[in-house]
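A.B. asks: I need the structure of the sequence given here:
(2 chains)
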There are 2 protein chains.
Amino acid sequence: METVIPKNVIDEYLEKIEVTDLNKASIRQVLACEMNAEKVTGQKFIHFEMGVPGLEPSAVGIAAQKAALDAGVASKYPNIEGTDELRSEASRFVKAFINTDISQGHCHPTCGAMQGTFAAFMLCSQLDPKKDTILYIDPGFPVQKMQAAVLGLKMESFDVADFRAGKLEAKLEGILSKGNICCMIYSNPNNPSWMCLTEDELQTIGRMASKYDTVVIEDLAYLTMDFRREGLGTPFKEPYQVTVSKYTDNYIMMLSGSKIFSYAGERIAVACISDKLYERRFETLQKRYGISRFGACYAYNMLYALSSGVAHSAQCAMAAMLKAASDGAYDFRGEISEYARRTKLIKESLLRNGFHITYDKDLEQNVSDGFFFTFGYKDADGNDMEGGQLLHELLYYGISGIVLSSTGSNRQGLRGTSSNITDDQFPVLEERLRLFNQAHANR
Amino acid sequence: METVIPKNVIDEYLEKIEVTDLNKASIRQVLACEMNAEKVTGQKFIHFEMGVPGLEPSAVGIAAQKAALDAGVASKYPNIEGTDELRSEASRFVKAFINTDISQGHCHPTCGAMQGTFAAFMLCSQLDPKKDTILYIDPGFPVQKMQAAVLGLKMESFDVADFRAGKLEAKLEGILSKGNICCMIYSNPNNPSWMCLTEDELQTIGRMASKYDTVVIEDLAYLTMDFRREGLGTPFKEPYQVTVSKYTDNYIMMLSGSKIFSYAGERIAVACISDKLYERRFETLQKRYGISRFGACYAYNMLYALSSGVAHSAQCAMAAMLKAASDGAYDFRGEISEYARRTKLIKESLLRNGFHITYDKDLEQNVSDGFFFTFGYKDADGNDMEGGQLLHELLYYGISGIVLSSTGSNRQGLRGTSSNITDDQFPVLEERLRLFNQAHANR
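C.D. replies: Sure, this is the predicted structure:
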């Protein structure tokens, strides 16, 4: 049967990089395999795997960053807490698009939300010796689980798709009442499924976090990207991004510049810590570090030890982008709505060729078209093809993705992103999907 | 008695930030105290405390970074391993100035050497359950101890000034033979004392590292800054920076752009891992991560989990600076020799006013004038003033520093840096030292 990439090109490389099961491979490993195949065969892959922004970086950011370099910031250690301007613009942005009040002193830049989350995991796990476990409200971003593995922390998780709306409270209660959860994390919109937790569900999460004194890490990497909601992303106007911060004081919101401003290359995000949590004192921290306040320890111990702060010029870029967005001068949501357009076309192509959308429903509605989508394939007997096998076989057809199992999903399928798919690739995608389907439907 | 800053301005701020003992304060906390005092009194401090480059950032770096931003790298996730150009230039730079061969694949950028060291501590402590302790060859950089504290790792240390030359082997043997040391770390030239370990001493360290299978983390933040050695810093020509890499395969060299290229603001360094160590396989890693090679795990697990790589444009800057240096087109050592000139003048001023150099000797020679120096003060009875007290009282005179106790030193005194002292400040320094001496010599 004809494949786009000779099978041995894929198989030999996977062996070389010690990948025997794609369920356990990282995105970077899958990518390395594709890069090699592209080099060997000259065939360009349909890169569904890596959520790299496919848009130009924010022009506002570039201009500000270059101006900062001209002003000489490259030789100056950035303050651990972040530049004054970045912190005050982060606080203002949170008010403008989320309608939540956080003092500017409580917003700290991080080297991507990755570092912000790493620091939060470390800190939260050190507050109370009984609380040693992170709860992942899955499906989620696999590397966040690797962070716990690297730190030797315990993990618990569940696929929230099976516990939406009225079912969520009992599920959370069952887990949190054990008393060992130091923090819980989710992204909203959800990576990978693009489900969006509702106000009701966030209220439940917030209430449970307060009741069981657990920190909620709310990853807002895809802020305003529920494209079903018209008018989102207008500064200081309803509707606002939904958020757990309305319902508990125990939260950290991660605001990354990677996707909303297409600034992933510069590793810049802001960790926005609830005013009350920031100022809360812990004896455990006092004992270990001689500093008792949660937020001070987050900045002066965690962030300091991790990298002595964040690239100075990138902070200036981030401050300028946040400011322009809050000023209404930079319509970031308009720019990124391009992802929804592409995802709609890709989903149509998948459906035409025997594939289905794995997470298709968000309660009663269809999920929004956005940055990520999920897809699977049923074999001739009507059974879902196992995710790792599906990815392995799609690689032969020059199509990539990541296996949903790595996201904590209970479903068989892959996560894809439309972010780097260009219009000229749609016919290529259609043809490769057709070949795949032809080869598999006939078996 | 007349002081430059009213005592209550200092004392009240220290209380506010929960600092009761300056021996336990971080640099950032001391700095925050000074900033406040400057704001309140309008008096500018003599900032001996923070090793911020006082030179302009490398022009080569700025030009390259701006060009990279123009080329659109800000939207592209950097490879975890680093850009090809950065890795190959790092390998070439190591050959040019250290005369050590490391494959380019084994050089990975990090968000400052801080992140590189954090990643190394994590990884080294996970190789063998029996090896759970980090050995600090002190005096050293206090935040590297905070990194272990944050990670919950055990520490051992000794002041190498008491175990130079022939005494070093027995000291190391005594510690390493216990079998619990996973890695050891030092900087050369030494921060803070500016002592320089000799070829003989490095050979001892290397031999011991091989014998007891321990990783050496060699922090080369001040590469070529032994200004007593003429001709250092000429690419591909003797003399070369001395290094442990000649004497063991168990090493990681940390090459930071912060001081040698005055690029501290952008948090960019390269971790250069020995070819043999990089490729070495560990069953412990295989079990925990499904990856067995030391170097692959360093990049794909540690660095990935810490920040998903390093700011893309800063990598381009670093690559360009390394290249220009190796090409002989950028005399970085000539630029930073300015620090030695300043340090010489500061030491003279200290000596004129009753102070002494705490670490004055490097075996038989005087220590080099460089980025850091150490100083102390004897009270009327001829006893060394306790370091924390000395700093506290110097703050009243608008002079700062960090207490040597925080560096693992056995001696009473402070670390200072000349990096930000401008020529117009020398008379101010002289006058403040005079006032201090007058107040204390009379007691």
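A.B. asks: going forward, measure contacts and count neighbours with C-alpha atoms only.
C.D. replies: Noted.
A.B. asks: in stretch A:186-203, what's buried?
C.D. replies: Judged by neighbour count using 16 or more other CA atoms under 10 Å in any protein chain shown, the buried positions of stretch A:186-203 are A:186-199, A:201-203.
A.B. asks: What about these, which are in helices?
C.D. replies: Among the buried residues of stretch A:186-203, DSSP state H puts A:199, A:201-203 in helices.
A.B. asks: want to try a markdown table for the residues you listed, with distance to A:Ser419 as columns?
C.D. replies: Below are these laid out as a markdown table (distance: CA to CA, whole Å):
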| residue | distance to A:Ser419 |
| --- | --- |
| A:Glu199 | 28 |
| A:Glu201 | 28 |
| A:Leu202 | 28 |
| A:Gln203 | 31 |
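A.B. asks: Could you single out the nearest of those to chain B?
C.D. replies: Checking these against chain B with CA to the nearest CA, the nearest one is A:Leu202 at 27.0 Å.
A.B. asks: Not counting its neighbours along the chain, what's nearest the closest one?
C.D. replies: Closest residue in space to A:Leu202, ignoring its immediate chain neighbours: A:Val244 at 5.1 Å, by CA to CA, 6 or more residues apart in numbering or on different chains.
A.B. asks: Check that neighbour and give its pLDDT.
C.D. replies: Here the pLDDT value assigned to A:Val244 is 98.
A.B. asks: Surely it and A:Leu220 touch.
C.D. replies: No: at 10.8 Å, A:Val244 does not count as touching A:Leu220 under the criterion of CA atoms under 8 Å.
A.B. asks: Which residue of the two possesses the greater neighbour count?
C.D. replies: A:Val244 (27 against 23; other CA atoms under 10 Å in any protein chain shown).
A.B. asks: now the more buried one: how far from chain B?
C.D. replies: Taking CA to the nearest CA, to the nearest Å as the measure, A:Val244 falls 25 Å from chain B.
A.B. asks: Where do the strands of the stretch 251-400 of chain A begin and end?
C.D. replies: For the stretch 251-400 of chain A, strands defined by DSSP state E, counting those that start in this stretch occupy the ranges A:251-256, A:269-273, A:355-357, A:361-362, A:365-366, A:372-377.
A.B. asks: Now render the ones you listed as TSV, adding mean pLDDT and distance to chain B.
C.D. replies: Below are the strands of the stretch 251-400 of chain A laid out as TSV (pLDDT from 0 to 100; distance: least, CA to the nearest CA, whole Å):
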stretch	mean pLDDT	distance to chain B
strand A:251-256	98	12
strand A:269-273	98	11
strand A:355-357	97	27
strand A:361-362	94	30
strand A:365-366	94	30
strand A:372-377	97	17
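A.B. asks: Those into a markdown table, with extra columns for mean neighbour count?
C.D. replies: Shown next, in a markdown table, are the strands of the stretch 251-400 of chain A (neighbours: other CA atoms under 10 Å in any protein chain shown):
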| stretch | mean neighbour count |
| --- | --- |
| strand A:251-256 | 28 |
| strand A:269-273 | 28 |
| strand A:355-357 | 20 |
| strand A:361-362 | 16 |
| strand A:365-366 | 11 |
| strand A:372-377 | 26 |
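A.B. asks: who's in contact with the nearest residue to A:Ala165 once chain neighbours are set aside?
C.D. replies: Counting by CA to CA, 6+ apart, A:Ala165 lies nearest to A:Glu201, which is 5.9 Å off, once chain neighbours are set aside. The contact partners of A:Glu201, taken as CA atoms under 8 Å, 6 or more residues apart in numbering or on different chains, are A:164-165, A:168.
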